[in-house]
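Colleague: Kindly return the folded structure for what I paste below:
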Amino acid sequence: MSGLVDILMHHHAPLPQDIDYMVGCLAFVVEAVLFKFHLHGRTDMDVLIHTLLLYVVYVNIVVVGLEIRRRNSIVLALARAYSVFLQGTWFWQAGFLLYNPLPGAVPWREGDHEQMMVVTMMFTWHMAGVLVVMVCIGAVVAACETGRCRQTPVDELRLLRRNGDTPQAGLAVDYDAELDSDGDNVELDFSRPTTSSVRHGDDVNQ
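Modeller: Sure, this is the predicted structure:
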């Protein structure tokens, strides 16, 4: 349902405002209910693994609920990404702990208290690891965006001149093209776009 609503929202279907967040919150509520009542008759380690997962799902519910009121909050958006990321990595870890698919793997002693403490520590490793990965992704994106922002309008115009194109309609250019013998130095005055200040075609090629 959540995926269907996202597709409809993408295609501008006439749906109520914030319905995508509400259905997303409902999806996490359903998941929490399923795992909450999924523990009857399980071993202590199995209950621990699912309980740790439930904590993350509860965070998802709270964060998505808050996002309905504060849709432009970067902190909430990152918190949702973090909790969903953590939920996914812990699902993989739970599969290897309970049903290790590797041949010859030694099964965990699911009633052993010390091994249960190791599982709890592994969950904290996942929390720290997801944070480190997200910070690295953010650093890479920030570096790419910083490099893109350093490209000046003059650089963009030179690229347009090299390709034989005209400036975009949103970029108003009033200039006297002063080129040296190599055609590198250009003095430009970039102003706000107006209908009268945009010059096309022949002016760009001069």
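Colleague: element containing the residue nearest to the spatial centre of the chain?
Modeller: The centroid of the chain falls nearest to Ala81 when counting by CA atoms, centre = their mean (6.2 Å). Using DSSP states H and E, Ala81 sits in helix 74-98.
Colleague: now the strands for this protein?
Modeller: Using DSSP state E, the strands found in the chain span residues 172-175, 188-191.
Colleague: where does this structure have its least confident helix or strand?
Modeller: Here the helix or strand of the chain ranked lowest by mean pLDDT, DSSP states H and E is strand 172-175, holding a mean of 46.
Colleague: Outline the domain layout of the protein.
Modeller: Domain assignment for the chain, taken from automatic domain parsing, gives 2-149, 153-205.
Colleague: Can you name the residues in contact with stretch 59-76?
Modeller: Contact with stretch 59-76 is made by 18, 21-22, 24-25, 28-29, 32, 77, 79-80, 83-84, 87, as judged by CB atoms under 8 Å, 6 or more residues apart in numbering. Any C-beta I mention is one placed from the backbone N, CA and C, and that applies to glycine too.
Colleague: Quick check: the two most widely separated of these?
Modeller: Asp18 and Gln87 (22.4 Å; CB to CB).
Colleague: Comparing these two, which shows the higher neighbour count?
Modeller: Using other CB atoms under 10 Å as the criterion, Asp18 and Gln87 rank with Gln87 on top: 19 against 14.
Colleague: rewinding a little: contacts only, for the residue nearest to the centre of the chain.
Modeller: Counting by CB under 8 Å, 6+ apart, Ala81 makes contact with Met134.
Colleague: which residue sits closest to Gln87, ignoring its sequence neighbours?
Modeller: Spatially, and ignoring its direct neighbours in sequence, Gln87 is nearest to Val56 (4.7 Å; CB to CB, 6 or more residues apart in numbering).
Colleague: Need the per-residue pLDDT for that neighbour.
Modeller: We have a pLDDT of 94 for Val56.
Colleague: That one reaches Gly88, doesn't it?
Modeller: No. Contact criterion CB atoms under 8 Å: Val56 and Gly88 do not qualify, at 9.6 Å.
Colleague: Between these two, which has more neighbouring residues?
Modeller: A count of neighbours by other CB under 10 Å puts Val56 above the other of Val56 and Gly88, at 23 against 13.
Colleague: before we move on, the earlier item: quick one: buried ones out of the contacts of stretch 59-76?
Modeller: When the contacts of stretch 59-76 are checked for burial by 16 or more other CB atoms under 10 Å, the buried set is 21-22, 24-25, 28-29, 32, 79-80, 83-84, 87.
Colleague: Looking at those residues, which is nearest Asn100?
Modeller: Nearest member of the buried ones among the contacts of stretch 59-76 to Asn100, counting by CB to CB, is Gln87, at 20.2 Å.
Colleague: Cys25 and Glu67, how far apart?
Modeller: For Cys25, the distance to Glu67 (CB to CB, to the nearest Å) stands at 9 Å.
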